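Undergrad: Sequence plus predicted model, see below.
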Amino acid sequence: MSQHKVVLLLGSNLGDQKKNLEIAIKKIKEGGNEILQISEFLTSDPVEFASSNIFCNIAMIIFTDLSPVRLLNHLKNIEVEMGRINDSKANGGYADRVIDIDIVKYNELKFVSERLEIPHQKHLFEREFSRILLKDFI
């Protein structure tokens, strides 16, 4: 099987945010993905919605055998397992969340569907916290 290099961004603003990120990392690895690099933790204010809960974020690079859609399904399953109730795509807006895992890049693939856009344009070009986290990854 071929290994695909993928950049992920993870964020949490409910509960013990750092522990949530650590659990998500463990679950990503348990899904058969190899973790190559993990950034430092970065705290940031919520973006595109109002909340008094600060986010804790990380970026990571993994190698995976999964296709983009299968990887997305795996990541969404992790979010649900960890207690995420509101998916921003389904709800049409952002809300507080236990965990959020986004695929930012998948090799050099350009892919757009109703559920997934690769590369993730907002993280690459619009969100300041993302640019800080990704500066050594892209």
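TA: Alright, I've got the coordinates. Numbering: from 1, shown residues only.
Undergrad: When you work out contacts or count neighbours from here on, use the C-alpha atoms and nothing else.
TA: Will do.
Undergrad: Now tell me which helix or strand of the protein has the poorest mean pLDDT.
TA: Lowest mean confidence among the helices and strands of the chain (mean pLDDT, DSSP states H and E): helix 88-91, at a mean of 54.
Undergrad: list the buried ones in the helix or strand just after that one?
TA: The C-terminal neighbour of helix 88-91 among helices and strands, as given by DSSP states H and E, is strand 100-106. Buried positions in strand 100-106, judged by neighbour count with 16 or more other C-alpha atoms under 10 Å: 100-106.
Undergrad: Residue 107 touches residue 4, doesn't it?
TA: Yes. Proximity of residue 107 to residue 4 meets the contact threshold set by C-alpha atoms under 8 Å, at 6.0 Å.
Undergrad: more crowded one of the two?
TA: Here residue 107 and residue 4 are set side by side on neighbour count (other C-alpha atoms under 10 Å), and the busier one is residue 4, at 17 against 14.
Undergrad: In contact with that one, which residues?
TA: Contacts were defined as C-alpha atoms under 8 Å, 6 or more residues apart in numbering; by that measure residue 4 touches 62-66, 106-107.
Undergrad: again, 6 Å this time
TA: If you count contacts by C-alpha atoms under 6 Å, 6 or more residues apart in numbering, residue 4 has them with 63-64.
Undergrad: Need the phi and psi values for it.
TA: Summarising the backbone geometry of residue 4 under the convention degrees, to the nearest 10, its torsions are phi -110, psi 130.
Undergrad: Bridging across strands, which residues link to it?
TA: When bridges are assigned using DSSP bridges, the partners listed for residue 4 are residue 64.
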